[in-house]
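J.: Sharing a sequence plus its predicted fold:
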Amino acid sequence: MSADANMAPAGLPQGYPFQRDWEVTPRELKALLDRRDPVVVIDVRTEAERSLARIEAAIHVPLAELPSRIPTLREHESDRVVVMCHHGMRSLKATELLRQAGFDDVHSLAGGIHLWSMDIDPSVPAY
């Protein structure tokens, strides 16, 4: 295995345990949004967290409400979905829930809104 195989993708902190099958990097999400590729961003943080920092294009569905809101999200079942939270742990849980519910292409935003702020958009406050 080469040294490059152990390196985190561009924009992720050294040593970040990136899971390619489960996550996309902030740079990958930014490229999708910039190209206007079809992608649905779901923010699973609380309303209080969302009031501090947000990606405007995101649909707000707090993680605690996600199981009951899956029927309203079914229109995105075959879409590319990126789930985000503060650092990426809750969004991994939400990604798992959505996959179990039959969503075809869903990934967590690696590093969450925090890494988005650090690497993509410093105008988004870090908290």
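T.: Now that the structure is in, tell me what you want to look at. Computed from a predicted model, the values in this text were never measured in an experiment. Residues are numbered from 1 along each chain as shown.
J.: what about residue 51, how many residues close to it?
T.: 9 (other CB atoms under 10 Å). All C-beta spots, glycine's among them, are computed from the backbone N, C-alpha and C.
J.: Let's verify it: helix, strand, or coil?
T.: helix (DSSP: H, G, I helix; E, B strand; the rest coil).
J.: Got the phi and psi for the spatially most central residue of the chain?
T.: For the chain, the residue nearest the mean C-alpha position is residue 109 (2.6 Å; CA atoms, centre = their mean). With angles defined as degrees, to the nearest 10, residue 109 sits at phi -80, psi 110.
J.: hey, what's it bridged with?
T.: Listed beta-bridge partners, residue 109: residue 24 (assigned using DSSP bridges).
J.: ok, it touching residue 28?
T.: No. Judged on CB atoms under 8 Å, residue 109 makes no contact with residue 28 at a distance of 9.0 Å.
J.: Distance-wise, check the residue nearest to the centre of the chain relative to residue 37.
T.: 15 Å (CB to CB, to the nearest Å).
J.: what does stretch 80-96 rub up against?
T.: 19, 22-24, 29, 32, 37-45, 49, 55, 58, 63, 66, 98, 103, 105-116, 127 (CB atoms under 8 Å, 6 or more residues apart in numbering).
J.: can you tell me which of those residues are in strands?
T.: Under the assignment DSSP state E, the contacts of stretch 80-96 contribute 23, 24, 40, 41, 42, 43, 105, 106, 107, 108, 109 to strands.
J.: Quick one, which of these are buried?
T.: 23, 24, 40, 41, 42, 43, 106, 107, 108, 109 (16 or more other CB atoms under 10 Å).
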